[in-house]
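Enquirer: Requesting a structural model of the entry that follows:
(4 chains)
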Protein chains: 2
Amino acid sequence: MTSRTYRRTRSDHASEIAEDYVEAIADAIATHGLCRSMDLVAHFDVTHATVSNTVGRLQRDGLVETAPYQPISLTAKGKRLASQSQKRHEVVKAFLKRIGVSDRAAEIDSEGIEHHVSRQTLAAMRKVLADGLPPDRS
Amino acid sequence: MTSRTYRRTRSDHASEIAEDYVEAIADAIATHGLCRSMDLVAHFDVTHATVSNTVGRLQRDGLVETAPYQPISLTAKGKRLASQSQKRHEVVKAFLKRIGVSDRAAEIDSEGIEHHVSRQTLAAMRKVLADGLPPDRS
DNA sequence: ACTCAAAGTTAGCAGCGGCTAACTTGCGGG
DNA sequence: CCCGCAAGTTAGCCGCTGCTAACTTTGAGT
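Expert: Numbering: from 1, shown residues only, chains lettered A, B, ... in the order given. From the prediction side, this is the model:
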């Protein structure tokens, strides 16, 4: 019951940020062909300096590639993480809307929730979207 | 579309930990009548030192009361937060199980998810538990 | 009544993710 | 061509949340 259920706390917080960033970078590239720091500054409402630091960590971790004063691109690993996150995000958002949450709230909540959804829960959400609720045996 | 959806990142991470702690403290008090640091050490699988620091912050923020070498209790504010978090946690967990997620996975995921569930989404989950899925108008 | 182990505290370190301030670079318009 | 502004970087700060190591306090068992 205790202990191992946690252990997310520290390292997971870091990977949440990584997921948010690669998603935003992929989005910028899809939208205007490339991603500059300013896109991320606008998206996350943080300063250049913060973006610079964070992107530096992402590069260290092999998720993005960039050189000084150059646009930011995703590595293969980064692209994989981004598309995975995007898919999860979409499913969670669609699911929330399906259970009656407004578009706006679904958008906000899905961003927080997506990072904590296991494969199994994601599958359950997909199933509800496709087939409705499973029979209630409570 | 951008910006304001975030701004959780920093300060919210702190309050997630606060919620987890008051919930665990309330749980320990409910179970063995009082809460000692060791209960939290076991629950979160961190060291004494970490618990000591964190509890110090919670005290500073008016959520708990404790004196050196004394058990930890909740203030009125802490109790309010704890029962609120517990309720939310229960609803989320019950909801996940209702959509077909296993007990084990529901337990784990609900801990991560509960902190990101808005009033509206919580209400939607309750409604599904009570009345099933709303009509699909997609 | 003492002792000693367990519980708790304190000090000091590290990494993350924010920030501001000061600097450098690069580019577009005059 | 060059000059200035916007974009990006770097340095240095702070707080949080972890840690280890060394200390103090408490209390239980002989």
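Enquirer: low-scoring stretches of chain A, by residue?
Expert: A:1-10 (pLDDT under 70).
Enquirer: just so I have it, where are all the strands in it?
Expert: A:64-65, A:73-74 (DSSP state E).
Enquirer: Could you look over these and pick the most buried one?
Expert: strand A:64-65 (a mean of 20; mean count of other CB atoms under 10 Å in any protein chain shown). Placement of C-beta: from N, CA and C, glycine included.
Enquirer: That strand pairs with which strands?
Expert: strand A:73-74 (antiparallel) (DSSP bridges).
Enquirer: Turn the strands of chain A into TSV, including distance to DNA strand C.
Expert: Putting those into TSV (distance: least, CB to the nearest atom of the strand, whole Å) gives the following:
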stretch	distance to DNA strand C
strand A:64-65	13
strand A:73-74	16
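Enquirer: With respect to A:R104, which of those lies nearest?
Expert: strand A:73-74 (28.6 Å; CB to CB).
Enquirer: List the contacts of that closest one.
Expert: A:V22, A:I25, A:A26, A:I29, A:L34, A:C35, A:L63, A:V64, A:E65, A:T66, A:A82 (CB atoms under 8 Å, 6 or more residues apart in numbering or on different chains).
Enquirer: Can you say which of those are buried?
Expert: A:V22, A:I25, A:A26, A:I29, A:C35, A:L63, A:V64, A:T66, A:A82 (16 or more other CB atoms under 10 Å in any protein chain shown).
Enquirer: Near DNA strand C, which residues of chain A are found?
Expert: A:13-14, A:17, A:44-50, A:53-54, A:57, A:68-69 (CB under 7 Å from any atom of the strand).
Enquirer: what residues are up against A:L58?
Expert: A:A18, A:Y21, A:V22, A:V64, A:G78.
Enquirer: Find the residue closest to the third one in space, skipping its chain neighbours.
Expert: Nearest residue to A:V22, sequence neighbours excluded (CB to CB, 6 or more residues apart in numbering or on different chains): A:A82, at 4.1 Å.
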